[in-house]
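Undergrad: Compute the structure for the input listed below.
(2 chains)
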Number of protein chains: 2
Amino acid sequence: MKTQAAEFNLIEKYFLPLSNGGAGAFNLKDDAASLDLPANQSLIVTTDALVENVHFLSSDAPEDIAAKLLSVNLSDLAAMGAKPLSYNLILGASKNITERWIKLFSDSLATEQRKYSISLIGGDTVRSNGPLFLGITAMGFLEKGTELRRFGAKVTDDIWVSGVIGDAAAGLKIAKGELGVANNDYEQYLLSKYRRPIPRIELGLKLKGIANATIDVSDGLISDLAHICRFSKLGAKVFLDSIPISEALVEVVKVDRNYYELVLNGGDDFELLFTADKSSYDEILSISSNLEVPITKIGELNRLDRINILDSDGVGFNLKKSGYSHF
Amino acid sequence: MKTQAAEFNLIEKYFLPLSNGGAGAFNLKDDAASLDLPANQSLIVTTDALVENVHFLSSDAPEDIAAKLLSVNLSDLAAMGAKPLSYNLILGASKNITERWIKLFSDSLATEQRKYSISLIGGDTVRSNGPLFLGITAMGFLEKGTELRRFGAKVTDDIWVSGVIGDAAAGLKIAKGELGVANNDYEQYLLSKYRRPIPRIELGLKLKGIANATIDVSDGLISDLAHICRFSKLGAKVFLDSIPISEALVEVVKVDRNYYELVLNGGDDFELLFTADKSSYDEILSISSNLEVPITKIGELNRLDRINILDSDGVGFNLKKSGYSHF
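TA: Next up is the predicted model:
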C-alpha cells in the first residue's frame, strides 16, 4: 500500500485493521501484496469505480457508500461464479472528507467484508481536488475452467433472474427527491435496496453446471439481457408480468404504469440474470428454496435478432427509452 | 470490464486492443477476468492512483500520463521482485477528455505494456465531474516465498540505490515553471525523468537472494530509507556525496546548493533502494554492469535510532523539510 507521509497515520488507524493480519497483506506496509491460490484454481479479478454525484449522492452516508462499493465488485465475482478472496481499495478523498467520515466508511467495510470472509490487501489513498472517488479491485477464485460466462446461452434456454427487479432504481429516484411513496415503510425499503445491494455470491457458486450464460444486472434488466443475447447471437422474449417486483414497487407502478421503465431499464439491481436448459427448471427452484433467494423464470431465448417484451395478452410493451441501443 | 452503453464503443475501440486477445481477459466483455498462475507462484498485487493537479499536471501529455501511471505500478512490482503479468485500469474521465486524448493515452499504454509483455485484463471507465483520475491495479508473480520486502535489513548491511536521484523532482519544478535550467538539453532531460520514470523490473528480479530489504523511491530517498529503517528497527548513515546525481542536476545544484533537497526529499524517482550484506558488493556491481543500470552504495545501516546524512567532511547536512516526520 502507498504510504505517503500525510496518509500514513490514516492508513495505520483505519485501514490496517481491515487487513485482518492476513499473511500476504504485509500489514499494508510493503510495496505490494502477495496472494496464494489453492491448487488448480484460477484468480478472478474485477474493478469497479464509484464517483460522487455520478454513482452516489453527496448526501449518501459513508456506511452506505462503503457497502455499495464492495457489493458492486463482489457482484461481478458472483456473476463469474467465483468465491471472494480479497480486495484493493482506492480512496480519492475530496476536501470535505473528515476523519469521522473515514471511520464510518472503514467500519462499514469491516462489517461487509466479514460477511464474505475477505480482507483488504492494499490500495492507495490520494487527495482529490474535486469529487470523492472510490475504486475497488476485487479478487476471487474458482476451479479452473468453471467460470460463468456471458456468452454460451442456448436457443432453447429459459431466462431466469434472482431477487426482485427495479427497487434500486426507484430508491435512487426517491433519494434524489424525484419520487415519493405514500407508504413510509415501502419508501424506506426502496431506499435501502438502492443503498445496499446484496451480491449473490452463494447463488453464483450454485449455478455452475446449470447456467449457460450469466450476468449481474447493473445496466438494467433488458440491457444486460441484451449483452447475453449479443454474445450468444440469440434473441429473447420476456414476459413482462413474470418479472419479479416487490410489493413496494407494485405500489409505485400502480400509481403510474410508466414506472415500469424502472423495472426494465433501471439498473443497479445486482441480481443474477442467467439462462439455463429447461431440464434444470426443478433444480433451480430447489436452489432458490435452499438459499431462500427468489429465482424467477422471466422469459425464453429464441433465434430472433431482438428482445420482445410481452404483456399477459401477448402484446408488445413499448420502451420509452431503449436500454439496449448497442444491441 | 464494466460495459455501460455510453462507454461501450470507447472500450471496444481503444481498450480492447490492449487486452491482446489474452485468454482470461474475455475480450473485456465479461463481468471479470480470469488469471492462471504457473505452479508454485504467488500473485503480487499493487494499486496506485494518479489525480490531475495532484500527481500530474493538466498540461501533461496523455502519452506521458499513461506511461507514468503504468510505470509507478510496475515499480511497486519491481520492488517486490515480481515479474509483471497484467493490469486493470480505472479511467475517471473529466469533461474535457476528448476521444483524441483517449486515443493517445491508449496508444501509449500499448507501447509501454509491450515493453513488459503484459496486457490489460479489465477495469472501469467512469465519468468524473471534477478532475481526471486514473488508477491501475497491476498484477505480477514470483516463486512462493521470494518476495523482496521492506523489512529484513541487517545492521551490517550496505545501502544501495539504482539510477540517479532527484531528476524527477527537478523535472516537476521545471514543468511547474518554478525552475529554469540554462542548458536546454539538461532541462529536457530533467523533464523527461519526471514524465517517464522507468520501473526497475529486471533489477528487482536480480536482487533476489541479495537484497535484505527493498523499496522503490517514491516518497523521497530519505523518507523511503526511513521506511526500511523503521520496519527493520535500525538506523542509517548516508554519505551525501555518494548519492548518484545526473550531470543535469549537478548544474542545478551548482547554482543553488538548496536544491539538494530535491535529491534527499524530492521523490518520484522510482529507483530501487535496497540493503545488502557487504559480501554482496562485487555481485551487485556485476549486476549493475550486466543490466547497464548504475547501482551505487550510498550508506550503511547501524544501530542508531535515526538517519544521519554526512557530507564529505563528515559534517551532518541539515534538511530544511524533514521527509521522514513519521520516522
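Undergrad: Quick check: mean pLDDT of stretch A:65-75?
TA: For stretch A:65-75, the mean pLDDT works out to 98.
Undergrad: May I have that stretch as PDB, with CA atoms only?
TA: In PDB, the C-alpha atoms belonging to stretch A:65-75 read as follows (Å, rounded to 0.1, in the frame of the first residue of the first chain):
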ATOM      1  CA  ILE A  65     -21.100   4.100   0.100                       C
ATOM      2  CA  ALA A  66     -18.600   1.700   1.500                       C
ATOM      3  CA  ALA A  67     -21.100  -1.200   1.400                       C
ATOM      4  CA  LYS A  68     -22.200  -0.400  -2.100                       C
ATOM      5  CA  LEU A  69     -18.600  -0.100  -3.400                       C
ATOM      6  CA  LEU A  70     -17.700  -3.500  -2.100                       C
ATOM      7  CA  SER A  71     -21.000  -5.100  -3.200                       C
ATOM      8  CA  VAL A  72     -20.900  -3.900  -6.800                       C
ATOM      9  CA  ASN A  73     -17.400  -5.500  -7.100                       C
ATOM     10  CA  LEU A  74     -18.500  -8.700  -5.300                       C
ATOM     11  CA  SER A  75     -21.500  -8.900  -7.600                       C
END
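Undergrad: got a pLDDT number for the residue lying closest to A:Leu240 once chain neighbours are set aside?
TA: Once flanking residues are discounted, A:Leu240 sits nearest to A:Asp311: 4.7 Å by Cβ to Cβ, 6 or more residues apart in numbering or on different chains. (Glycine included, C-beta is placed from N, CA and C.) Note for A:Asp311: predicted pLDDT of 84.
Undergrad: Kindly provide the distance from A:Asp311 to A:Leu221.
TA: Counting by Cβ to Cβ, to the nearest Å, the gap between A:Asp311 and A:Leu221 amounts to 15 Å.
Undergrad: Of these two, give the one with the bigger neighbour count.
TA: The neighbour count for A:Asp311 versus A:Leu221, taken as other Cβ atoms under 10 Å in any protein chain shown, is higher for A:Leu221 (27 against 12).
Undergrad: Would you mind confirming that that one makes contact with A:Glu261?
TA: No - A:Leu221 lies out of contact with A:Glu261 (Cβ atoms under 8 Å); the separation is 10.7 Å.
Undergrad: Contacts for the one helix or strand A:Ala236 maps to next, please.
TA: For A:Ala236, the element it lies in under DSSP states H and E is strand A:235-239. Contact partners of strand A:235-239, identified using Cβ atoms under 8 Å, 6 or more residues apart in numbering or on different chains, comprise A:159, A:221-222, A:225, A:228-229, A:298-310, A:312.
Undergrad: for it, what is the average pLDDT?
TA: pLDDT averaged over strand A:235-239 gives 95.
Undergrad: That one: how far from the chain's middle?
TA: The chain centroid and the centroid of strand A:235-239 are separated by 23 Å under Cα atoms, centre = their mean, to the nearest Å.
Undergrad: Can you give the strand pairings for it, parallel or anti for each?
TA: strand A:295-302 (antiparallel), strand A:307-310 (parallel) (DSSP bridges).
Undergrad: Would you mark the buried spots in the shortest one?
TA: Buried residues in strand A:307-310, defined by neighbour count with 16 or more other Cβ atoms under 10 Å in any protein chain shown: A:307, A:309-310.
Undergrad: From the chain's centroid, how far away is it?
TA: A distance of 24 Å separates the centroid of the chain from that of strand A:307-310, by Cα atoms, centre = their mean.
Undergrad: Can I get it as PDB, trimmed to CA atoms?
TA: Output of strand A:307-310 as PDB, limited to C-alpha atoms (Å, rounded to 0.1, in the frame of the first residue of the first chain):
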ATOM      1  CA  ILE A 307     -35.700  -8.900 -27.500                       C
ATOM      2  CA  ASN A 308     -39.600  -8.900 -27.400                       C
ATOM      3  CA  ILE A 309     -41.200  -7.800 -24.200                       C
ATOM      4  CA  LEU A 310     -44.800  -9.200 -24.000                       C
END
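Undergrad: three-state assignment of the residue of the stretch 1-150 of chain A with the smallest separation from chain B?
TA: Proximity of the stretch 1-150 of chain A to chain B (Cβ to the nearest Cβ) peaks at A:Gly130, 1.9 Å away. What DSSP: H, G, I helix; E, B strand; the rest coil gives for A:Gly130 is coil.
Undergrad: so what's the residue nearest to it when sequence neighbours are not counted up against?
TA: Distance criterion Cβ to Cβ, 6+ apart; nearest residue to A:Gly130, sequence neighbours excluded, is B:Gly130 at 1.9 Å. By Cβ under 8 Å, 6+ apart, the contact set of B:Gly130 is A:94, A:128-131, B:94.
Undergrad: Isn't A:Ile174 up against A:Tyr189?
TA: No - counting by Cβ under 8 Å, A:Ile174 stays clear of A:Tyr189, with 10.1 Å between them.
Undergrad: Give me the domain ranges for chain A.
TA: Domain assignment of chain A by automatic domain parsing yields the ranges A:5-143, A:158-310.
Undergrad: Any idea which of those has the lowest pLDDT on average?
TA: domain A:5-143 (a mean of 92).
Undergrad: From the chain's centroid, how far away is that domain?
TA: The answer for domain A:5-143 is 15 Å, by Cα atoms, centre = their mean.
Undergrad: just the strands in the stretch 51-200 of chain A please.
TA: Listed in chain order, the strands of the stretch 51-200 of chain A (DSSP state E, counting those that start in this stretch) span A:83-93, A:119-127, A:133-143, A:158-162.
Undergrad: export those strands to CSV and tack on distance to B:Ser108?
TA: Output for the strands of the stretch 51-200 of chain A, formatted as CSV (distance: least, Cβ to Cβ, whole Å):
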stretch, distance to B:Ser108
strand A:83-93, 21
strand A:119-127, 21
strand A:133-143, 21
strand A:158-162, 41
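Undergrad: need those in JSON lines with distance to chain B and mean neighbour count, can you?
TA: Listed next are the strands of the stretch 51-200 of chain A as JSON lines, based on distance: least, Cβ to the nearest Cβ, whole Å; neighbours: other Cβ atoms under 10 Å in any protein chain shown:
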{"stretch": "strand A:83-93", "distance to chain B": "4", "mean neighbour count": "25"}
{"stretch": "strand A:119-127", "distance to chain B": "5", "mean neighbour count": "24"}
{"stretch": "strand A:133-143", "distance to chain B": "4", "mean neighbour count": "26"}
{"stretch": "strand A:158-162", "distance to chain B": "15", "mean neighbour count": "25"}
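Undergrad: Out of those, which gets nearest to B:Tyr116?
TA: strand A:133-143 (18.8 Å; Cβ to Cβ).
Undergrad: show me what contacts the closest residue to A:Tyr87 other than its chain neighbours?
TA: Counting by Cβ to Cβ, 6+ apart, the nearest residue to A:Tyr87 once its immediate chain neighbours are dropped is A:Ala138, at 4.5 Å. Applying Cβ under 8 Å, 6+ apart, we find A:Ala138 in contact with A:45-48, A:70, A:73-74, A:76-77, A:84, A:86-87.
Undergrad: A:Ile97 now?
TA: Contacts of A:Ile97 (Cβ under 8 Å, 6+ apart): A:Leu132.
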